[in-house]
Structures are given as C-alpha cells and as structure tokens.
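Novice: Sharing a model that was predicted from the sequence below.
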Amino acid sequence: ITVFVPRDSAALSVGADAVAAAIRAEATRRDLPLRIVRNGSRGMLYLEPLVEVETAEGRVAYGPVTPADVPGLFDAGFLTGGEHALGHGLTEEIPYFKKQERLTFARCGIIDPLSVEDYRAHGGFRGLENALAMSQAEIVKAVTDSGLRGRGGAGFPTGIKWNTVMQAPADEKFVCCNADEGDSGTFADRMIIEGDPFCLIEGMTIAAIAVGATSGYVYMRSEYPHATATLRHAIKLAYDEGWLGDNIHGTNRTFHLDVRVGAGAYICGEETAMLESLEGKRGMVRAKPPLPALEGLFGKPTVVNNVLSLCSVPIILDKGGDYYRDFGVGRSRGTLPFQLAGNIKNGGIVEKAFGITLHELLYEYGGGTITGRPIRAVQVGGPLGAYLPPSQFDLPKDYEAFAAQEAMVGHGGIVVFDDSVDMAQQARFAMEFCVAESCGKCTPCRIGSTRGMETLDKIIAGKNVDANLDLLADLCDVMVDGSLCAMGGMTPYPVRSAVKHFPEDFRKKQHAVR
Ligand code: NAI
Ligand code: SF4
C-alpha cells in the first residue's frame, strides 16, 4: 500500500512531517505494511496536508489532515479508500484539479520528486532525448513555434532569446535560471522545484544544448531552503545517472549545473542584478544594452530564463511546438500556472491556458474570500502589478489585454483583498516597498519612491489632497519614464491603478473634515 504525504514547503508549514510520522506509527502499531512517498504538492493548498492513498481506481485524497485525525482515518479504512469526513474521493476528480490544464505541472504532486525512475516513468527526459537528436536550430525553432514567452513576467518570446544566444559567437556560454521568486503571492517556481526538480534540470539542459552553453546556474532565493536542498539532491542524482556532466546520455555533450543562493534582495530577481550577484558582486542593475543574451554572466552570451519558462520546455520538445501552441489565445500561447493567494478561500496553483478570466479564477477555483466578505480588489503580477476592481474581472488572462489596461499578467500571482482594504494604504505600500528594495542606481526610483511615500502620507492625512494627487501623478510619470529597470519603472502601476479605480479611499480624511 502506498500513501503520499507531500514534502512541499507549504504542506510542511501546516504539519505534513508530523502527519507522515503519525501514519508511520499507526501503521506499525496495527502491523500494516505501508510505503510512504513524500511527493510534491498537488497545488490545492487549502487541503494541505493532503494525504493520498493509491487504490485500484486511482489516488484517493484526504485533507487537510492533522496527526490527531490519523487513527480515525485508519479506522475508516482509508488505506483502501474508505469514506471519512476528510475524504474528497479521487484526487483527479476534485473539480479544482480536474478542470485544470496541467502541462508544466503535469507531474508535480504525482511523482516522487527525487526518483529518476519515477520521472522517466512519467515522460521525463523524453524532451531531452529528442533534443539530443536534433540540431541547435531545430530545437530553437520548436521553442519559437510553441509561442512560449518569458514566464518571469515580461513575456519576451523564449525562442527569439535563445536564437540570439545561439547565434552569438563565443568561447563560452551560460544558461542561468532565475529562481529568485520575489513577487508577492507567487510560489509556482518553488513548488515545481520541490515537486518536480528534474523538469527544471531537463529544461535547462535542453536550453544549453540549443544555444551551445556548457554550464549553468540556478539562482535560488534564500527564503527557499527546502527547494534548494531538493534541487541540489536532484542535480546530484542527474549527474549519477548520466543526465548531466561531460557525456550526457552517452552523446558526448557537456552541461554542468550548479545552484547559487541569493541573500534576500528583491532586485536580484531583475536579470542583470542577478548576474552581478552570481558573479559575487552586490546585486545592482546593469544598464541594457548590452543584453545578457550577448553579454551576460562574466560577459559571455547567456540565456536568462525564469523557472516556469524552462520547465515548459521539456513538454514542448516531447510533444512538439504545435501541441503547446494549441493552448491559449492571441499571442499568449500555452498555459500559465496561476497562483491564488491573499484573502482567498481555496488558495493554490491553477494551471490553465491563457484566456481564462479573473472571474473564473477567483470564484470558480478560488471560491471567493476566506473572510466571506466581497472581493474589492486584486493585485495581479506581483508588487509592481496593478490593482484591479471587480468591473475588470472579465478581462481575459492575456499579455496584450492586460497591458492595454496598464496591468500585467506577470508571473501569474494573484493577491486578493476584501472590502476592508484601504487602497490608499496599499498605494503607500507600493512606494514603501520600492524605498526598501531599490538598488539605488538611479534617482527616479531611489529618491522618487521616498517622495512618493511622503506625498501619499499627506494625502492620507487629508492635506491639500488635490494638489498632492497632481504631484503624485507627476512623480509617477517621472518614475515610469526615467527609471533604469522595472523596479522604479513599474512601482507607479499599483499606485496609479489604486487612485484610478478607488479614488474614494484617497479622500477619506477630506470628507471627514467636511
Ligand atoms: P524586459 O522587457 O527588459 O526583458 C525581458 C527579457 O527579454 C529579458 O531577459 C531581456 O534580456 C530579454 N530581451 C529583450 N530584448 C531582447 C532581444 N532583442 N534579444 C534577446 N533577448 C531580449 O523586462 P525585464 O526588465 O527583464 O523584466 C521586467 C518584468 O519582470 C516585469 O514585467 C515583471 O513582470 C517581472 N518581474 C518578475 C518578478 C518575479 O518575481 N518573477 C519580480 C519583479 C518583476
Ligand atoms: Fe535600481 Fe530602482 Fe534604478 Fe532599478 S529603477 S536600477 S532598482 S534604482
């Protein structure tokens, strides 16, 4: 009998280790043979710790389970899928899961993350095997044809980026994976590294073969110790099994991969600051051009891609660019693992093709707020993303449709707020965040954010509100036009959207005075 108890950080944070220990102890006490697999998360965070049992019909889910529930689960015969108040039936029939289109997260939560055998049994390394038999240009073409765009947020076409690196003449090239997942409400990078680390290793190796790189680094955020440990372990196994090193799968191809851990700066998720940090320097933004694709790590042509971009590559090389391209709308092809966070009843990962609306994500999957109060605003795309009111919840998830509304899809993070939120405070928070995280290289961001925070303080206090709102709008224009990178350049988006969609919150004191 096989029982699955996730080893994902989110599951661990709500007691998954204790649940696994309780199941082990109870099985011993009852003298029942049992194999416990510590899998990744299925992404239904509201059910964690989600315990699954393998049955002839498929896996049956129970959750959220506490150690105190374990004897009762045994009494109810959960090892054969018996009924229990915490039972949800077959995991894959749970509507939240069933309606998803899992391409990138296809294996996450299903396999043992640290078993190469399990990975292979679920289609792993098939994309790499295909890539090893293709020319560099053919691999790049498959990725270009798939329509895959950078999943870190900017949405730049991955195939075009790879083509630039492939064509750049150099004695050495690199592939760097940006796993400095700093956006508020995002956890997809962490979850796939913890639940399916070989997928990232495979995607990076394919990228390396495509562009002619021989080494690569994964830049992990320091707040992800479990993901870092899992990835390091997986890399060792991949070397042991000949999927990394000097003779990949007996083909004489070379790719060496290593992990570097950041030191907790949001700006190191900006690609050039990340490269500086990887070189052992302070994480400061570099001016572009030159693009990292031409002069990146140690001045060499470098592919810099987000975890989810690289994890989308194996399935593209396995099933073909057209297969991936068939999902999505307009110029937003494939799927995005959306992440529901904040004040939401059913938080977790929802991987769906582009084109899904916020409304579907928030209500059909998310189930509304956890407080039961109405949703008033959502911030989409991290701390630099716009706040959207319910009137815009029908907007399809599509890079261009969002950009037309001065909003962004970003890395797929959605943070939900109910009607108790004060949007003037949220606007102030955007400026405060920029004060804390600015690298300090350019004036509009370094100084502008502090002035923005002071101006918002005056508005919140009801002082010269009209004049200060004009000043704030002016400052936002300067930050957008004059900042070197997205940190200062996009901080105005949450501020402007809050003022535009929730103007009443900026005049609370003024009304009170009257
Ligand atoms: P960008 O638009 O300057 O560049 C996007 C990517 O395309 C970069 O890798 C760039 O080097 C590459 N590129 C651009 N032109 C190219 C060309 N001709 N050939 C080859 N490569 C080319 O955007 P940037 O500043 O890198 O990223 C900003 C985005 O980052 C924001 O939109 C935001 O959504 C996102 N972001 C993500 C965070 C996260 O935690 N994932 C945190 C903060 C921001
Ligand atoms: Fe640094 Fe801010 Fe300028 Fe970006 S916008 S380079 S974070 S000071």
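Specialist: Sure, I can see it. Ligands and ions are numbered 1, 2, ... in the order given.

Novice: Can you tell me which residues in the stretch 251-400 of the chain are near ligand 2?
Specialist: Contacts of the stretch 251-400 of the chain with ligand 2, taken as Cβ under 6 Å from any ligand atom, map to 267, 285. All C-beta spots, glycine's among them, are computed from the backbone N, C-alpha and C.

Novice: ranges for the strands of the stretch 251-400 of the chain?
Specialist: 256-261, 302-306, 328-329, 332-333, 335-342, 348-353, 375-380, 387-388 (DSSP state E, counting those that start in this stretch).

Novice: Give me the buried positions along the fifth one.
Specialist: The one in question is strand 335-342. If you call a residue buried by 16 or more other Cβ atoms under 10 Å, then strand 335-342 has these buried ones: 335-342.

Novice: any chance of the strands of the stretch 251-400 of the chain in JSON lines, plus mean pLDDT?
Specialist: Below are the strands of the stretch 251-400 of the chain laid out as JSON lines (pLDDT from 0 to 100):
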{"stretch": "strand 256-261", "mean pLDDT": "98"}
{"stretch": "strand 302-306", "mean pLDDT": "98"}
{"stretch": "strand 328-329", "mean pLDDT": "96"}
{"stretch": "strand 332-333", "mean pLDDT": "97"}
{"stretch": "strand 335-342", "mean pLDDT": "98"}
{"stretch": "strand 348-353", "mean pLDDT": "98"}
{"stretch": "strand 375-380", "mean pLDDT": "97"}
{"stretch": "strand 387-388", "mean pLDDT": "96"}
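
Novice: so which of the ones you listed gets nearest ligand 1?
Specialist: Nearest to ligand 1, of all these, is strand 302-306, at 5.2 Å by Cβ to the nearest ligand atom.

Novice: Remind me what that closest one packs against, helices and strands.
Specialist: Packing contacts for strand 302-306, counted by 3 or more Cβ pairs under 8 Å, 6 or more residues apart in numbering; DSSP states H and E, involve helix 158-167, strand 174-179, helix 197-211, helix 271-278.

Novice: what about that strand and ligand 1, any contact?
Specialist: Yes. Residues of strand 302-306 are located near ligand 1 by Cβ under 6 Å from any ligand atom, namely Val304.

Novice: if we look at that strand, which residues are touching it?
Specialist: For strand 302-306, contacts defined as Cβ atoms under 8 Å, 6 or more residues apart in numbering pick out 150-153, 158, 161-162, 165, 173-179, 189, 207-208, 211, 213, 271, 274-275, 292-293, 296, 411.

Novice: one more time with 7 Å, if that's ok
Specialist: Contacting residues not belonging to strand 302-306 are listed as 150-152, 158, 161-162, 165, 173-178, 207, 211, 213, 271, 292-293, 296 [Cβ atoms under 7 Å, 6 or more residues apart in numbering].

Novice: do stretch 310-319 as well
Specialist: So stretch 310-319 is contacted by 103-104, 106, 123, 126-128, 130-131, 139, 142-143, 146, 148, 151, 177, 192, 199-200, 202-204, 206-207, 324, 334 (Cβ under 7 Å, 6+ apart).

Novice: Just the buried ones from those, in ChimeraX syntax?
Specialist: One line in ChimeraX is enough to select the buried ones among the contacts of stretch 310-319; burial here means 16+ other Cβ under 10 Å:
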select :103,104,106,126,127,128,130,131,139,142,143,146,148,151,177,192,199,200,202,203,204,206,207,324,334
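
Novice: Go back to the contacts of stretch 310-319 and keep what's next to ligand 1.
Specialist: Within these, nothing lies near ligand 1 by Cβ under 6 Å from any ligand atom.

Novice: For whichever residue of the stretch 1-150 of the chain sits closest to ligand 1, which non-adjacent residue is closest in space?
Specialist: With Cβ to the nearest ligand atom as the measure, Gly150 is the residue of the stretch 1-150 of the chain nearest to ligand 1, at 5.5 Å. Nearest residue to Gly150, sequence neighbours excluded (Cβ to Cβ, 6 or more residues apart in numbering): Phe156, at 4.6 Å.
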